[in-house]
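Student: model this:
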Amino acid sequence: MTFAGRKPPKEPALPYAVKLLAARNYSTRKLRDKLRTRGYDSAEIDEAIQKLQERNLLDDERYAEGFVRTRMETHPRGKNALMRDLISRGVSAATAKHAVTESLSDDQELSMAKDLLQRKSRQYASLDPDTRKRRLTALLARRGFKLDTIRRALSLPDTSENSEEFS
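Tutor: Numbering: from 1, shown residues only. You can find the predicted model right below:
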């Protein structure tokens, strides 16, 4: 299969896929899409993916766990957002749920929500308490935190100088 007069790639799919995986991790679906875009035919893509999985070079579970770990460090999100991100990257819902629940406890999720609230609270300090609470709730919801976690994060006392800010 070629795209718009494009010649088929000279390099076989397997070595190219290994090069891609050497640079960064991919989910099976994303790697399949990348190879398809490059112009490889489906049979060659399937064979390359099967060999990579047999050699343990391509594993959606490992990809999902690494993704969650990295995301928690760089862009903290709640469990819902992490699962949504993984599914959009081609990881099955069951694998995404397993990776998220194994990597992120409810206490860790609450801690991330509280940290986010603390970082953003100054931005909303001039607002009246109801508006501030509503906007902070919306912020946490957009970041994928569960309603129970949001309620707990907003009702916990803050040890900083603005302790009444979250009550």
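
Student: Helices of the protein, residue ranges please.
Tutor: With DSSP state H, the ranges of helices along the chain come out as 13-23, 28-38, 42-54, 60-74, 79-88, 93-103, 106-121, 129-142, 147-155.

Student: With mean neighbour count and mean pLDDT as extra columns, can I get the ones you listed in TSV?
Tutor: To be clear about C-beta, it is placed using only N, CA and C from the backbone, and glycine gets the same treatment. Compiled in TSV, the helices of the chain are given as follows (neighbours: other C-beta atoms under 10 Å; pLDDT from 0 to 100):
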stretch	mean neighbour count	mean pLDDT
helix 13-23	15	93
helix 28-38	17	94
helix 42-54	15	94
helix 60-74	17	91
helix 79-88	19	94
helix 93-103	17	94
helix 106-121	16	89
helix 129-142	15	91
helix 147-155	16	90
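
Student: Not counting sequence-adjacent ones, nearest residue to residue 114?
Tutor: Nearest residue to residue 114, sequence neighbours excluded (C-beta to C-beta, 6 or more residues apart in numbering): residue 153, at 5.1 Å.

Student: How about the contacts made by that neighbour?
Tutor: Under the criterion of C-beta atoms under 8 Å, 6 or more residues apart in numbering, the contact partners of residue 153 comprise 110, 113-114, 117, 140, 145, 166.

Student: what's the spacing between residue 45 and residue 31?
Tutor: Distance, residue 45 to residue 31, using C-beta to C-beta, to the nearest Å: 9 Å.
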